[in-house]
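Colleague: coordinates only, sequence not included:
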């Protein structure tokens, strides 16, 4: 476990804290991404997380095994960390029952960088941001929006839930914790300005943006109109390479004719198999309506993306080259 370093920010980026996470000695970086997972081990959450488990006398590989194989530097959580309504407070046992006691493999004892999802906002959203949780489990770091400088790559973690207008309209159906967020328009405006400054200042080889909600998706939730309108133009203008999200409980890889961005959905951390696919005009490279997770391996010239199922089997693999030679493998 590294010691987190909070770097100083200029006043223009004061709302987006910047953390430093060193790459490997050879300059490479590897990570896992998973979302929509916190169900106290139910709905195959345990199977996705455990290093190995016996089934029909076979050893089946999971996140822990892949994490060790790739010597991951950290894990990215793309939100909906605790179902069905986030945490009640910092003493909520769901934190340990859904996180600490689930992701126990040695390779997963690395830093976890997390964003909030819409289900997290249905509880005490502020509780997930509290530093006291890091005393319970030092791997945990969750802020509304922040940046991780990993030398080779800059990762921008965004709080996407406030963008979605429908969450603000029916407070009696699902109450959302808008403390420190409302009013909505001012919050979103400030966040987008901070992101634009941070993207403009980034000189990293790879720019990766992480948010809970979908930009491109062929599954149940489809595209998020507010993000397509307000966020996507920034990602295109500033040359973002990859956008990683959850929200749809499946695995997806989509490319687009209007940019070089690769849209990765890693929302298969627990409950899945919704049986919904709605093809769009975008380039659907891969879709899997089930549980699993994603890995990224980065160096100065290429990024290797892999999607895995709950057995650790590779379902889809793709290489992004900085020379823009895209090689589809399987």
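Modeller: Everything's here; your move. Since we're looking at a predicted model, the values are computed, not measured.
Colleague: Where does the prediction get shaky in the protein?
Modeller: Along the chain, the parts satisfying pLDDT under 70 run over 1-15, 40-61, 171-172, 272, 281, 323-330.
Colleague: hey, which helix is longest across it?
Modeller: helix 184-201 (DSSP state H).
Colleague: which is the next helix or strand following it?
Modeller: Where DSSP states H and E defines the elements, the next helix or strand beyond helix 184-201 is strand 206-210.
Colleague: which other helices and strands contact that next one?
Modeller: Counting contacts by 3 or more CB pairs under 8 Å, 6 or more residues apart in numbering; DSSP states H and E, strand 206-210 packs against strand 153-157, strand 242-245. All C-beta spots, glycine's among them, are computed from the backbone N, C-alpha and C.
Colleague: any idea which of those strands is most buried?
Modeller: Most buried of the helices and strands packed on strand 206-210 by mean neighbour count (mean count of other CB atoms under 10 Å) is strand 242-245; its value is a mean of 26.
Colleague: what residue is smack in the middle of the chain?
Modeller: residue 78 (2.6 Å; CA atoms, centre = their mean).
Colleague: List the residues that contact that residue.
Modeller: 33-36, 115, 117, 210-212, 244-247, 266-267 (CB atoms under 8 Å, 6 or more residues apart in numbering).
Colleague: What about these, which one has the most neighbours?
Modeller: residue 267 (33 neighbours; other CB atoms under 10 Å).
Colleague: Identify the residue nearest that residue in space, chain neighbours excluded?
Modeller: residue 246 (3.7 Å; CB to CB, 6 or more residues apart in numbering).
Colleague: from the contacts of residue 78, which two are the most distant?
Modeller: Taking CB to CB as the measure, the contacts of residue 78 span a maximum distance of 14.4 Å, between 34 and 211.
Colleague: those helices in the stretch 51-200 of the chain, which residues are they?
Modeller: Remark: helices assigned in the stretch 51-200 of the chain by DSSP state H, counting those that start in this stretch are 63-70, 94-95, 118-121, 125-129, 132-136, 184-201.
Colleague: neighbouring contacts of the shortest one?
Modeller: The one in question is helix 94-95. Here helix 94-95 has contacts from 38, 40, 82, 87-88, 133, 136-137, using CB under 8 Å, 6+ apart.
Colleague: how does it look with 6 Å?
Modeller: residue 82 (CB atoms under 6 Å, 6 or more residues apart in numbering).
Colleague: in the stretch 151-300 of the chain, which spans are strands?
Modeller: 153-157, 206-210, 242-245, 251-255, 262-266, 283-288, 293-298 (DSSP state E, counting those that start in this stretch).
Colleague: what's the distance between the residue nearest to residue 267 and residue 286?
Modeller: The spacing between residue 246 and residue 286, counted by CB to CB, to the nearest Å, is 16 Å.
Colleague: what do you get for residue 252?
Modeller: 7 Å.
Colleague: repeat for residue 248
Modeller: 13 Å.
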